[in-house]
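**Q** Pasting a predicted model and its sequence here:
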Amino acid sequence: MSLRHIDELLDEALDATFPASDPVAITEDRDPITATVATRPPLAVLAAIVFILVACALAYAYTAGWLSPQQLTPARMVDALSRRGGDPVGHRRNHAKGICFTGEFEANGAGAVLSAAPMLARGRYPVIGRFAIATGNPQAPDATARVRSMAIRITAPDRQEWRSGMNNSPVFAVSTPEAFFEMTKAQELDPLTHKPNPLALARFFSNHPESGSFVAWARSAPWTSSYADQAYNSLNAFYFIDAAGHSHLVRWSMRPTLPASPVSQSFLLSLGRDFLDLDLSQRLATGPLRWHLIVTVAERSDPSSDATLAWPANRRQLDVGTLIVERAESESDGPCRDYNYDPTILPVGIRPSRDPLLAARSSAYARSFDLREAEAASFPRSHGAK
Amino acid sequence: MALMVIAMLFIGIGMVATLRPRFLTLLSIHKPLGSLVLVLALLRLGVRLQRGAPPLPSDLPRAQVAAAIASHVLLYVLLIVMPLIGWSMLSAGGYPIVIYGPIRLPGIMPHDAALYALLRSAHTLLAYLLFATILAHLSAALFHAWVRRDDVFPSMAPWRSRAPSDRT
């Protein structure tokens, strides 16, 4: 049944219900709503029009999530992260405390066999990145953060970009955005003590067996006093697409060239609040820091969409290049400040896997970015002073 | 084209409300479809300026004529401004503007936080305005079709071929 048919049927129905007496009478009357042609009262028709409008508006409201207050939206997720961090106005709502870096990615060309991404072809590509700690509080003491992160933005000459956000844990704590939301709420600050309730997070982990590997790492991994000796892992998997169009499921890691120097957490607590930034600046004053970008290729049975599951250690690994970190700048004036390190911003030759965390990261980061860019006045630049 | 614009409004408001994988799918439709709407809206505006539009009924009250003209102007302005704001917003946010695969657009605004924030809010607010204008446009079209029963709806609907003189 075409639109034309529906239209004609409706006309016939209207004509049968409201037979026209004199069409001239309609056009002569300048206000049809109060027309004295009583044989065609428009009330039912007006009601139909109102009904259609209301239905359209409700459909829009429903799509927007306004009729579903319990739905996990980016706004609710970012609100929960804000509450966890004590409302970091002007800052990222997670990994809120960090420092910018600039440098280069020197690709050795080995990655070109797996991916057509331009920045994997042999060459040097500019990088703007950021080290951070996984906290919602930009004033958190560095010694209290178990998870450290590296975000990078690699640009190719044709202006394609590869953005990635990586953590120093070997796996992620959760596999779904819903679980991440629960974990975030478990770290909410108690309104009286302004501290999280330690029992809440413990209860979360006991209810989430998939967090086991992450918790084991968090308990046993050595603490160090530097960003420079940490590995940073993609956690989520991606597809490298080669020039022939074949897909390869991969994860990647930035592997440090400095050995880790383990210290105790209590030693770190004695170092002062911002020892990571100081350490980074001191090291870079004597020369660049390097990481190798190691790509791990999955085999058929390896899970593509669960960041809590490690792949077996014997999987093929490829060193595709070296990240050379040359300079650090504080975030208030640094070049990383106004970028959103969305891990789904990828060049041709790299695609996200179906890991549900990737879409959630992209959506939530967009929301956090929108908020903080509008709040820039709350995190003032120092007007050129470095 | 009307369907594309309505789809864009629902895709836009829907994608910012979800963390699910459909967020990426909706985003991957929103940019190319928005680009297409811009091109078509500009073409349509060109045609409109050259060829004019079907006349409104001669007996339409002046207030309704004014409302009709204002809403049509608003529709043209919004259909062109909205995709331009989307493009500008991504530029000001330092995002690469990937339309589809290797098809990319250059940035058209400087990378600036305050500018991004302004454009981002404008994109949402003008989307609400566009949706409201479309609802008003729809209700007026139905009013012309079902209450006044004049020539306006036949001039809009491409499937109507009946001339007004066919009606008794």
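**A** Now that the structure is in, tell me what you want to look at. Keep in mind it's a predicted model, so treat the numbers as computed, not measured. Numbering: from 1, shown residues only, chains lettered A, B, ... in the order given.

**Q** domain ranges for chain A?
**A** When chain A is parsed with automatic domain parsing, its domains come out as A:3-63, A:74-378.

**Q** Roughly how far does residue B:143 sit from residue A:55?
**A** Separation of residue B:143 from residue A:55 (Cβ to Cβ, to the nearest Å): 17 Å. Yep, even glycine has a C-beta here, placed from its N, CA and C like the rest.

**Q** Average pLDDT for the lengthiest strand in chain A, rounded please.
**A** Longest strand of chain A, by residue count under DSSP state E: strand A:317-330. Strand A:317-330 comes out with an average pLDDT of 98.

**Q** residues touching residue A:156, list them.
**A** Taking Cβ atoms under 8 Å, 6 or more residues apart in numbering or on different chains, we find residue A:156 in contact with A:117-119, A:125, A:162, A:347.

**Q** now do 10 Å
**A** By Cβ atoms under 10 Å, 6 or more residues apart in numbering or on different chains, the contact list for residue A:156 reads A:105, A:107, A:117-121, A:123, A:125-126, A:162, A:347-348.

**Q** got it, and residue A:305?
**A** Contacts of residue A:305 (Cβ under 10 Å, 6+ apart): A:175-176, A:236-237, A:249, A:353-358, B:21.

**Q** Would you write a ChimeraX line that selects the buried entries of those residues?
**A** Of these, the buried ones go into a single ChimeraX selection, burial set by 16 or more other Cβ atoms under 10 Å in any protein chain shown:
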select /A:175,176,236,237,249,353,355,356,357,358 /B:21
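
**Q** What is the burial count for residue B:75?
**A** For residue B:75, the neighbour count with other Cβ atoms under 10 Å in any protein chain shown is 19.

**Q** Per-residue pLDDT of it, please?
**A** pLDDT at residue B:75 comes out at 96.

**Q** Double-check it against residue B:131; I have them as touching.
**A** No - with contact defined as Cβ atoms under 10 Å, residue B:75 does not count as touching residue B:131 (11.5 Å).

**Q** give me the low-pLDDT residue ranges for chain A?
**A** A:1-3, A:6-7, A:10-11, A:13-41, A:383-386 (pLDDT under 70).

**Q** how about the residues of the stretch 251-386 of chain A that lie near chain B?
**A** A:305, A:335, A:337-340, A:342, A:344-348, A:352, A:354-364, A:366-367, A:369-377, A:379, A:381 (Cβ under 10 Å from any Cβ of the partner chain).

**Q** Please list only the buried members of these.
**A** Neighbour counting by 16+ other Cβ under 10 Å classes A:305, A:335, A:337-340, A:342, A:344-348, A:352, A:355-364, A:366-367, A:369-374, A:376, A:379 among those as buried.

**Q** and the residues you listed, which of them are in strands?
**A** Taking DSSP E, the ones among these that sit in strands are residue A:352.

**Q** can you pull out the helices in chain B?
**A** B:2-15, B:22-51, B:62-92, B:113-142, B:152-156 (DSSP state H).

**Q** what's the third one packed up against?
**A** If I follow you right, that is helix B:62-92. Packing contacts for helix B:62-92, counted by 3 or more Cβ pairs under 10 Å, 6 or more residues apart in numbering or on different chains; DSSP states H and E, involve helix B:2-15, helix B:22-51, strand B:97-100, strand B:103-105, helix B:113-142.

**Q** As PDB, could you dump the C-alpha coordinates of stretch B:33-50?
**A** Output of stretch B:33-50 as PDB, limited to C-alpha atoms (Å, rounded to 0.1, in the frame of the first residue of the first chain):
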ATOM      1  CA  LEU B  33      24.400  11.600   6.300                       C
ATOM      2  CA  GLY B  34      24.900  15.100   7.700                       C
ATOM      3  CA  SER B  35      27.300  15.800   4.900                       C
ATOM      4  CA  LEU B  36      24.700  14.600   2.400                       C
ATOM      5  CA  VAL B  37      22.000  16.800   4.000                       C
ATOM      6  CA  LEU B  38      24.300  19.800   3.600                       C
ATOM      7  CA  VAL B  39      24.900  19.200   0.000                       C
ATOM      8  CA  LEU B  40      21.200  18.600  -0.800                       C
ATOM      9  CA  ALA B  41      20.100  21.600   1.300                       C
ATOM     10  CA  LEU B  42      22.400  23.900  -0.600                       C
ATOM     11  CA  LEU B  43      21.200  22.400  -3.900                       C
ATOM     12  CA  ARG B  44      17.600  22.800  -2.800                       C
ATOM     13  CA  LEU B  45      18.300  26.400  -1.800                       C
ATOM     14  CA  GLY B  46      19.800  27.100  -5.200                       C
ATOM     15  CA  VAL B  47      16.700  25.700  -6.900                       C
ATOM     16  CA  ARG B  48      14.400  27.600  -4.600                       C
ATOM     17  CA  LEU B  49      16.100  30.900  -5.300                       C
ATOM     18  CA  GLN B  50      16.100  30.300  -9.000                       C
END
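
**Q** follow-up on the earlier one: could I get the helices and strands packed on helix B:62-92 in CSV, plus columns for distance to residue A:153?
**A** Below are the helices and strands packed on helix B:62-92 laid out as CSV (distance: least, Cβ to Cβ, whole Å):
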stretch, distance to residue A:153
helix B:2-15, 23
helix B:22-51, 19
strand B:97-100, 14
strand B:103-105, 16
helix B:113-142, 16
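
**Q** Out of the ones you listed, which is closest to residue A:189?
**A** helix B:113-142 (26.9 Å; Cβ to Cβ).

**Q** What residues sit buried inside the closest one?
**A** For helix B:113-142, using 16+ other Cβ under 10 Å, the buried residues are B:113, B:115-120, B:122-123, B:126-127, B:130-131, B:133-140, B:142.

**Q** How are the helices of chain A distributed by residue range?
**A** Per DSSP H, chain A carries helices over the ranges A:3-17, A:23-28, A:43-63, A:74-85, A:177-185, A:198-207, A:212-220, A:265-269, A:275-285, A:356-374.

**Q** Need the winner for burial among these.
**A** Each of these was scored by mean neighbour count; the highest is helix A:356-374, a mean of 23, by mean count of other Cβ atoms under 10 Å in any protein chain shown.

**Q** Next, the angle helix A:74-85 makes with that helix.
**A** Going by axes from the mean of the first three to the mean of the last three Cα atoms, to 10 degrees, helix A:356-374 is angled at 70 degrees with respect to helix A:74-85.

**Q** so what secondary structure elements neighbour helix A:356-374?
**A** On a contact count with 3+ Cβ pairs under 10 Å, 6+ apart, helix A:356-374 meets helix A:74-85, strand A:161-167, helix A:177-185, strand A:350-352, helix B:22-51, helix B:113-142.

**Q** Adding distance to residue A:228, write the ones you listed out as JSON lines.
**A** Below are the helices and strands packed on helix A:356-374 laid out as JSON lines (distance: least, Cβ to Cβ, whole Å):
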{"stretch": "helix A:74-85", "distance to residue A:228": "25"}
{"stretch": "strand A:161-167", "distance to residue A:228": "15"}
{"stretch": "helix A:177-185", "distance to residue A:228": "28"}
{"stretch": "strand A:350-352", "distance to residue A:228": "26"}
{"stretch": "helix B:22-51", "distance to residue A:228": "34"}
{"stretch": "helix B:113-142", "distance to residue A:228": "29"}
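
**Q** wait, which of these is closest to residue A:138?
**A** Closest among these, using Cβ to Cβ: helix A:74-85, at 7.8 Å.

**Q** Could you see whether chain B lies near the closest one?
**A** Yes - residues of helix A:74-85 contacting chain B under Cβ under 10 Å from any Cβ: A:74-77.

**Q** Tell me the bridge partners for the nearest residue to residue A:150 once chain neighbours are set aside.
**A** Among residues not flanking residue A:150 along the chain, residue A:232 sits closest, at 3.9 Å (Cβ to Cβ, 6 or more residues apart in numbering or on different chains). When bridges are called by DSSP bridges, residue A:232 pairs up with residue A:254.
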